[in-house]
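Student: I'd like to go over a predicted model; first the sequence, then the structure.
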Number of protein chains: 2
Amino acid sequence: MKAKSRTTLELQPRIRIRAGNEIPLGPGKSELLGWVQKTGSITKAARKMGMSYMRAWTLIRTMNACFKEPVVVATKGGNKGGGGAQLTETGRRALALYESMNRKCLRAARPDWTKLQTLLEAR
Amino acid sequence: MKAKSRTTLELQPRIRIRAGNEIPLGPGKSELLGWVQKTGSITKAARKMGMSYMRAWTLIRTMNACFKEPVVVATKGGNKGGGGAQLTETGRRALALYESMNRKCLRAARPDWTKLQTLLEAR
């Protein structure tokens, strides 16, 4: 048995939704929606995630195509000169449901996770 | 609103375990363990997943280093000439707990998932 320093163990639900060959929502897209909601801007949201505007826009375009209604809309001519972006009602509901699924998943997995940790941790 | 053909919607819990900078178990590694268990061979398991033996071996080596005991052991000199591989008790327990977490996650997420589908599906 190896001597091992104690490392931080974490359980990460990374729920993914599949629609045929598309992925309407997953860990990355939901994080992006969260940043658009917080910052009111695709540019700022992209920067927070260390991705290009083009990459963020591509992810948003995929989401907008997969949902019945767009999840993000541009808001032109904002107060500080230059447009912004915000979540639509569909976008807010989709994000809230995704985050709720993550929380419920974590809670449901906790008893097994506790057992699994005993196989991983050096005690 | 767009006319849209009906696509198959699927919720995929892709639970990942983090231990510091390592990932002792996730969707790919658990699938690999499952194939080793079914086929009794790393070579065959790798082939089932369309990956090289070297890639499969690297994944197994990571798991073996993260768990207190190895999850896979080589079984040399089997009946059909040439060695095989099998899950250890730790490997079997880890895989069973991972699959149990996935099932419980899916069940816990179902009510929200039903609501989310109404935002995705063309009705």
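Tutor: Everything's here; your move.
Student: What count of nearby residues applies to A:Thr43?
Tutor: The tally of other residues near A:Thr43 (other Cβ atoms under 10 Å in any protein chain shown) stands at 17. For every residue, glycine as well, the C-beta is placed using N, CA and C.
Student: let me fix that: A:Lys76
Tutor: The number of residues packed near A:Lys76 is 9, by other Cβ under 10 Å.
Student: pLDDT score for A:Arg18?
Tutor: We have a pLDDT of 95 for A:Arg18.
Student: Where does the residue nearest to it when sequence neighbours are not counted sit: helix, strand or coil?
Tutor: With sequence-adjacent residues excluded and distances taken as Cβ to Cβ, 6 or more residues apart in numbering or on different chains, A:Arg18 is closest to B:Glu10, at 4.3 Å. Under the three-state scheme (DSSP: H, G, I helix; E, B strand; the rest coil), B:Glu10 adopts strand.
Student: mind listing what B:Glu10 touches?
Tutor: B:Glu10 makes contact with A:17-19, according to Cβ atoms under 8 Å, 6 or more residues apart in numbering or on different chains.
Student: got the residue ranges for the helices in chain A?
Tutor: Using DSSP state H, the helices of chain A run over A:27-39, A:42-48, A:53-66, A:89-120.
Student: Out of those helices, which is closest to chain B?
Tutor: Distance to chain B, taken as Cβ to the nearest Cβ, is lowest for helix A:89-120 among the helices of chain A, at 3.6 Å.
Student: quick one: strands adjacent to the worst-scoring helix or strand of chain A on mean pLDDT?
Tutor: When the helices and strands of chain A are scored by mean pLDDT, DSSP states H and E, strand A:72-75 comes last with a mean of 91. Sheet pairing for strand A:72-75, assigned by DSSP bridges, gives strand A:84-87 (antiparallel).
Student: Can you show me the CA trace of the partner strand as PDB?
Tutor: The C-alpha trace of strand A:84-87 is given here as PDB (Å, rounded to 0.1, in the frame of the first residue of the first chain):
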ATOM      1  CA  GLY A  84     -25.300  43.400 -24.600                       C
ATOM      2  CA  ALA A  85     -26.900  40.100 -24.300                       C
ATOM      3  CA  GLN A  86     -29.400  38.500 -22.000                       C
ATOM      4  CA  LEU A  87     -31.100  35.300 -21.300                       C
END
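Student: That strand: how far from the chain's middle?
Tutor: Strand A:84-87 sits 16 Å away from the centroid of its parent chain (Cα atoms, centre = their mean, to the nearest Å).
Student: got it, and stretch A:38-47?
Tutor: For stretch A:38-47, the separation from the chain centroid amounts to 14 Å (computed by Cα atoms, centre = their mean).
Student: For it, which residues meet the burial criterion?
Tutor: A:39-46 (16 or more other Cβ atoms under 10 Å in any protein chain shown).
Student: And for stretch A:108-123?
Tutor: A:108-109, A:112-113, A:116, A:119-120.
Student: Intersect the residues you listed with the contacts of chain B.
Tutor: With Cβ under 8 Å from any Cβ of the partner chain as the criterion, these include A:108-109, A:112-113, A:116, A:119-120 near chain B.
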